[in-house]
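Novice: show me the folded form of this:
(2 chains)
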Amino acid sequence: MNQDFSPDRAACGFARDIPLVLDAGEAAALRAGARVGISAAHESAHLHVAGAAPYVDDVPEAAGTLHAALAPSPVASGVLRSIDRAALLAMPGVVAVLTAADIPGANDCGPVIHDDPILADGTLRYRGQPVALIVATARDLARLAAARIGPCLDIEPATPVLTAREAYARGDALLPPASLIRESAPGALTAALAAAPHRLGGQFSLGGQEQFYLEGQIAYALPTENQGLRVLCSTQHPSEMQHLIAHALGWRSHQVLVECRRMGGGFGGKESQSGLFACCASIAAARLGRPVKLRLDRDDDFIMTGRRHPFEYDYDVAFDDDGRITGIEATLIANGGHSADLSGAVMTRALCHLDNAYYLPEVAINGFVARTNTQSNTAFRGFGGPQGALLIEIVMDRIARHLGRDPLAVRRANFYGVASRNVTPYRQTIEDNVVAALVDELVAQADYQGRVAAVAAFNRSNSVLKKGIALTPVKFGISFNVPHLNQAGALVHVYADGSVLVNHGGTEMGQGLNTKVAQVVADALGIGFAAVRCSATDTSKIANTSATAASTGADLNGMAARDAAMTIRNRLADFAAARHGGEAADVQFANDVVRVSGIALAFATLVRQAYEARVQLWSDGFYATPKVHWNPKGLHGRPFYYFAYGAAASEVIIDTLTGEVSLLRADILHDAGRSLNPAIDIGQIEGGFIQSMGWLTTEELVWHATDGRLLTHAPSTYKIPTANDCPAALHTRLFDNPNTEPTIHRSKAVGEPPMLLAFSVLLAIRDAIAATGGPGADPDLRAPATPEAVLDAIASLDAIRP
Amino acid sequence: MMQQPISFYFDNRIVRVADQPITATVLAWLRGAVRRTGTKEGCAEGDCGACTVIVAELADEAGDAGGIRAGNLVLRPINACIRFLPTLHGKALLTIEDLAGLTDRALHPVQQAMVDCHGSQCGFCTPGFVMSLFATYLRHQAAQTTPDRAAIAHDLAGNLCRCTGYRPILDAAARMFALPPATLDTAPIEAALRAVAAETGAGLSYAAAGQAGPGARFYAPREVDALAAWYAERPEATLLAGATDIGLWVNKRFRDVGDLLYLGDVAALRCIEREGDVLRIGAGATLEAAWAALIGLEPALGEMALRFAGPPVRHAGTMGGNVANGSPIGDAAPVLMAMDARLVLQHGAQSREVPLDAFYLDYMRNDLAKGEFLRAILVPLPDPDTRMRAYKISKRFDCDISALSCGLAVTLEGETISRVRLAFGGMAATVRRARHAEAALHEAVWGEAAVRAAMAALDEDFTPLSDLRASRGYRRLVARNLLWRFWLETRSAAPLPAASVRVRTFAMAGAV
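Specialist: Presented below is the predicted three-dimensional model:
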């Protein structure tokens, strides 16, 4: 009963009629039955390009849908005495004006600490803070009424605190200060600093970053039976939305269903901060008994939500003649904004990434989360990791310039060892260190040494334009710092026709998570991609999910989905052996064909037979990351299951007359383990690199110095990179390095680590600026390195020139 | 004039809309009224490109260059979020949903290339990129050319992607020309547009059903005289051209713009032509067309033209609008001032000329009387002995608002400067000339000493503000340095090529 099957079917991706474009190696592997390690197109790519991939606002609206808008506080600090709703209620189309008093449950959307009011509760904390929820028959009418809130407010304004340094000086913290200290003996750091042959101290200032997901925040709440709500929300964390909504309504979780098919980008901005909008839409829908949609205008999105924490640094470092660090003390001051949000975990990750790829023998890192009257800062790809690691790269560069050595040589001198010098400040032993080999490979790939010489030659013969080059490494810890979050569930349905539906607790924000998970399932069942369909994340399918964050999406959900798929496969194998003879362990699944006891039959045929034999063809799956543990008081343990590595070499040119910068070439070598999907991983690496370059160069956030208005509140004033900022010479390769831990197919997480690659751009700019000074020139360059910052840094050299 | 519905070609037929307010945007209509949700809203201000669509009109109606020619149509990528629906009257609207229908395959080559190259991640910006690339595809298909990477990147300057880092999108743009081609059959569109034109008569007069009173009327005449007369009678009306600014008044500031008088359908205003020793740019000519004409006079303006907004804005907005709006950071005015441009202003049947450098009175205030409008910009052809450059400084190369910009020109007799124009934007409440610095150069020898004197004199000319784009100190320093750059580029002895003084020119030369 051998059956025919078409080998061509395997050449198609998730779109049944669109063949994959693969290199020869991957094409051969695909034909041989591989489903992972294949550069399958994103499962929605054919929909994206046709405008046929629905986002929340694209879902047809239910009859009777109302639209909400949030009215912003016109002051950054003060007391809200009262709101006169009458004038607003009289405006065209306005159905309701809701305030804090109308929230039936808790007026709070804080994800960790309950300090984050949904609507202002009397205290005004930042300019743009929602003070009232306007519900109207049309979105424009709701927005218009919200914009007219000013005269309706009785406010006693106060003087806001707008900078982290000011809050730090006042000791105004959102959270208890944290210190990560590791010394060989008590007092060893002080001794190392005192005894050092060389010592440098200083300050550094690093700006924040707006996520600028292209799809703004949106939630659409629809009442369901028996005091229930179904909420469509663009969120990285449906379970938390469910909990926050229930909390705000005084309900139990099972009354709320939250669903997200896809986001138009998240980058951390829709982890906790989608909560405000999910709660507001839900409060209005529950109150009015009608569907309510809240879709933010881009400007409101900027002024109401937080972003990557800006950091200020003080540091003091001791090192020897080789540039090897003997001790370092650093204080990291994060601008947390008005509420804690995720700032505690962000600071922990910053403290745990200050080391980057370097062994720090005596170390004390202090973290201070400043309270200011600005938007509450939150998760953004890297989650404090980049803010921690950037400081040590600045320090490396300064050490090199101080000693007159090649910055790469100083970096290498400080790299973590493999058998010794391999314990992090938080006392995790690094077991998978490949940084030295990876950097060696990149140095060769990029002809780094040859280009250092070429850059120097260029600079000798050019006065207006100067070049710079830098190579920086990446080590990034993978896992949620909070161990219990490292769990995931999945649900796999095999229907009687052999088609497969996959559901899991992760969310799709463009990173290709659904694609990778579907590949894992196709691999487990030995079927073609087109047989597997992904479905919306839905709190009624998988309960108690973690945010799709910390780069863990594929690690966690891939394993959970594989667990589910393997359960079904094992049942099918048992059934096949029982029905057709042989051992279950010998049954093979590949290319939509099952081979059992010398016969081959189509996967769909076996499934049909199994269904008729009453075999359960669907299964859940679960995964919990092993080994991780963490002492949150002492700040030590094994917070990370493993590390991802990488390195980048960037060459820039600067204009010494205007401070303008252009990236000329970047070479990237990155460790994605054994990649599940090389094209998607390279997409994450390059996308993260350019996004991070934007953070460090053009993306400047400016608040009004006294009234606290965010002046850069739209793409007209906040400038993320464009196509012209991507260099023609961008060479990205994956470093072949199967994970030492048994992760899903030995792959590694790839979402956040690439954010560190663009440090090489900032350091290359620093190098170019240094070329305008004499020997040992050590420019004072802040980030983002806007044209003005670059000219200021050039001027900082002039000041100390002989 | 009789009220008419807004009539345009969409979804393979002529649609007639009579129920939308005059400031309804094309995007709101697409997503709301007809549920074509493929076109996305990312910013609602024309800065992200997620809403990019194509507007096509008959080439014989279009009146200017700068668009993309296909058959007898001129097509332009524009931002649907800031385009008012009544301006589509007599035109065709193509959206992302139309593309697959142009081929018998599953996807149009632009779309297929984006899939093949992994050009989408979250997918939200993707329809806008596909439409911009579709415009690129059509232009090069018509011209039988293929763009290089830099040209593609310039075409995409008005589209933001936050996920990919752009490399795969740029790759897709190269690949789309290698796939089996798809052609746009323009004949049915042309026929439909001719039918609408025939019934339109002297122009569109529109108001939403039941809202025909003052303050809610849209009038789009086809003749200048009709426009002038209408405006003279109703000077409180808002003159509308590309809506790249007025669209924001509505979307972001909820401003009631009153009656709208649209000049985009007046063919005579869209003309760009040489009249003797003057280039006459009609006030309704698109930025794309006007910059192309100016580059024809002065090739050194190329970089400024590329950096003036992004293609969807340049294809919609007008240089006349940029000049008449009179923003202190408008980038056209410094260039035109350095070229001694004059403005033709018209009120009713009367017209007059004013020099551009006398037009701006104070911050956002100009010399237009009530009911008077800008009809044309007159640009004298440059003297062959004039050396000119235009510079723009902003945080981002593409599509950013200037911290400062300038048009700098010296005309030499031998080595002596006989005429000097140093016009700056971003340095004062209006775009204006640096008279002290000019005086330092006038009749001086074009050499280092005079340049340094002019640089010092700039401090007397300007006391710029500090704002989100730059500090006062930066603006002052860079204004001086740009004079120095100008001299380095235009000095007689060993002038430096642009690639020695400008980072992007260097980068695009591909020297690495």
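
Novice: where exactly do the helices run in the stretch 201-350 of chain B?
Specialist: Secondary structure of the stretch 201-350 of chain B (DSSP state H, counting those that start in this stretch): helices at B:224-233, B:246-253, B:287-297, B:302-307, B:311-314, B:319-325, B:332-338.

Novice: repeat that for the stretch 351-500 of chain B.
Specialist: Counting by DSSP H, counting those that start in this stretch, the stretch 351-500 of chain B has helices at residues B:435-441, B:448-461, B:472-490.

Novice: now tell me what touches the first one from outside.
Specialist: By Cβ atoms under 8 Å, 6 or more residues apart in numbering or on different chains, the residues outside helix B:435-441 that reach it are B:410, B:417, B:420-422, B:450-451, B:453-458, B:460-461, B:483. For the C-beta atoms, the positions are set from N, CA and C on the backbone; glycine is no exception.

Novice: repeat the analysis, applying 6 Å as the threshold.
Specialist: By Cβ atoms under 6 Å, 6 or more residues apart in numbering or on different chains, the list of residues contacting helix B:435-441 from outside reads B:417, B:420, B:422, B:450, B:453-454, B:457-458, B:460-461.

Novice: cool, and the second one?
Specialist: Contact partners of helix B:448-461, identified using Cβ under 6 Å, 6+ apart, comprise B:434, B:436-437, B:440-441, B:444, B:479-480, B:483, B:487.

Novice: now do the last one
Specialist: The list of residues contacting helix B:472-490 from outside it, by Cβ under 6 Å, 6+ apart, reads A:657-658, A:788, B:387, B:389, B:391, B:393, B:404, B:406, B:408, B:451, B:454-455, B:458, B:464, B:466, B:495-496, B:501.

Novice: quick revisit: in JSON lines: the contacts of helix B:448-461, plus distance to residue B:82, neighbour count and pLDDT.
Specialist: Listed next are the contacts of helix B:448-461 as JSON lines, based on distance: Cβ to Cβ, whole Å; neighbours: other Cβ atoms under 10 Å in any protein chain shown; pLDDT from 0 to 100:
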{"residue": "B:434", "distance to residue B:82": "34", "neighbour count": "26", "pLDDT": "98"}
{"residue": "B:436", "distance to residue B:82": "39", "neighbour count": "17", "pLDDT": "98"}
{"residue": "B:437", "distance to residue B:82": "37", "neighbour count": "27", "pLDDT": "98"}
{"residue": "B:440", "distance to residue B:82": "43", "neighbour count": "24", "pLDDT": "98"}
{"residue": "B:441", "distance to residue B:82": "41", "neighbour count": "24", "pLDDT": "98"}
{"residue": "B:444", "distance to residue B:82": "46", "neighbour count": "18", "pLDDT": "98"}
{"residue": "B:479", "distance to residue B:82": "32", "neighbour count": "26", "pLDDT": "98"}
{"residue": "B:480", "distance to residue B:82": "37", "neighbour count": "20", "pLDDT": "98"}
{"residue": "B:483", "distance to residue B:82": "36", "neighbour count": "26", "pLDDT": "98"}
{"residue": "B:487", "distance to residue B:82": "40", "neighbour count": "24", "pLDDT": "98"}
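
Novice: tell me the one among those residues nearest to chain A.
Specialist: Nearest to chain A, judged by Cβ to the nearest Cβ, of those is residue B:480 at 9.0 Å.

Novice: residues contacting whichever residue of chain A sits closest to chain B?
Specialist: Closest contact between chain A and chain B, by Cβ to the nearest Cβ, is at residue A:51 (1.9 Å). Residue A:51 makes contact with B:38, B:96-97, B:127 under the criterion Cβ under 6 Å, 6+ apart.

Novice: that one - that's part of a strand, no?
Specialist: No. Read with DSSP: H, G, I helix; E, B strand; the rest coil, residue A:51 is coil and lies in no strand.

Novice: please name the nearest non-neighbouring residue to it.
Specialist: residue B:38 (1.9 Å; Cβ to Cβ, 6 or more residues apart in numbering or on different chains).

Novice: just checking, the one you found touches residue B:98?
Specialist: No. Using Cβ atoms under 6 Å, residue B:38 is not in contact with residue B:98; the gap is 9.4 Å.

Novice: narrow the contacts of helix B:435-441 to those that are buried.
Specialist: Neighbour-count burial (16 or more other Cβ atoms under 10 Å in any protein chain shown) is assigned, among the contacts of helix B:435-441, to B:417, B:420, B:422, B:450, B:454, B:457-458, B:461.
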